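Participant: Below is the sequence, then the predicted model.
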Amino acid sequence: MKNIVYLFLFITQVFFAQSFEKGNAMYQRGNYQEAIQAYEGVIKENKQESAELYFNLANSYYKLNKVAPAIYNYEKALVLKPHDPETLNNLKFAKKLTIDEIKEVPKVGFAKLIQNFTGIFNYNTWAKISVGIAFLFLLSFIGYYFSQLTLTKRIYFIGMFVLLVALGLSVSAGMSEKSHFDNDRPAIVFAEMSEVRSEPQKGGSAIFLLHEGAKVYVTEVLGQWKKIELTDGTEGWIDASTIKEVK
């Protein structure tokens, strides 16, 4: 049974590599639509995801001036690889193609420092770091327990204390990022133009318009309507079919 599973995984990885390389080859030749088909085939058929895959897919859409899909896939890449400088740079260029100019209210003070620290890695990476630190802590404890020299015991004890603090920080950072991942629901407007209303119904008065590529955050869902919040704090209800959530 295990051999069948391993064989399936092997075939899956081979398919992923072949389709991914096919997409890269098409991109290099300037056949961006064919590259898109290859990259999306990997996602749909093989259920494989990677920051590089979404980054290349976003680049292909950008070359075809398809704003919303480009921004959407750059955002997907950043979910898997936060703060990647190349992705952030390309995302800035893609956003220049959008119509809406939405101001972003940045966090300041201690909250900003915490967000900058926890956002260095995603929660999965923080979990791996925590496991690594816990393993080092265990080794330090063993060294402390079996050491016969007083100086060596002190060194191991200090190391254990430092590692314990580091473990607490990494676990806290991972929990913070997991909470942020679960509660933060970014979405991209895919419709050419969409009205944001005061109420979750077509009879509600239109507050403002959003255009293709605008980034919003979903805060509530009611039937076919989603309550959204912009980065400047503005809120309203939008037709759910006009936006696509990043996660």
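Facilitator: Thanks, I have it.

Participant: from here on, contacts and neighbour counts on C-alpha atoms
Facilitator: Fine.

Participant: could you say what helices and strands the longest strand belonging to the chain packs with?
Facilitator: Looking only at the chain and at elements set by DSSP state E, the strand with the highest residue count is strand 215-222. Counting contacts by 3 or more Cα pairs under 8 Å, 6 or more residues apart in numbering; DSSP states H and E, strand 215-222 packs against strand 186-189, strand 225-229.

Participant: So what touches that strand?
Facilitator: Strand 215-222 is contacted from outside by 184-189, 200, 226-231, using Cα atoms under 8 Å, 6 or more residues apart in numbering.

Participant: hmm, try it at 7 Å
Facilitator: 185, 186, 187, 188, 189, 226, 227, 228, 229, 230 (Cα atoms under 7 Å, 6 or more residues apart in numbering).

Participant: what's the answer for stretch 49-62, then?
Facilitator: The contact list for stretch 49-62, computed with Cα under 7 Å, 6+ apart, reads 27, 32, 35-36, 39, 43, 69-71, 73-74, 76-78, 80-81, 87, 94.

Participant: Surely residue 140 touches residue 158?
Facilitator: No. The criterion here is Cα atoms under 7 Å, and residue 140 misses it with residue 158 at 9.3 Å.

Participant: Neighbour count: these two, which is higher?
Facilitator: residue 140 (20 against 14; other Cα atoms under 10 Å).

Participant: Strands of this structure, residue ranges please.
Facilitator: Going by DSSP E, the chain shows strands at 186-189, 193-197, 206-211, 215-222, 225-229, 235-239, 243-245.

Participant: Which positions in the first one come out as buried?
Facilitator: In other words, strand 186-189. For strand 186-189, burial by neighbour count (16 or more other Cα atoms under 10 Å) applies to 186, 187, 188, 189.

Participant: how about CSV for the helices and strands packed on strand 215-222, with mean pLDDT and distance to residue 58 added?
Facilitator: Formatted as CSV, those follow (pLDDT from 0 to 100; distance: least, Cα to Cα, whole Å):
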stretch, mean pLDDT, distance to residue 58
strand 186-189, 95, 13
strand 225-229, 95, 24
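
Participant: mind checking which of those is nearest residue 211?
Facilitator: Among these, strand 186-189 comes nearest to residue 211, with 6.7 Å by Cα to Cα.

Participant: Can you give the contact residues for that closest one?
Facilitator: Residues outside strand 186-189 that contact it (Cα under 7 Å, 6+ apart): 68, 72, 211-218, 242-246.
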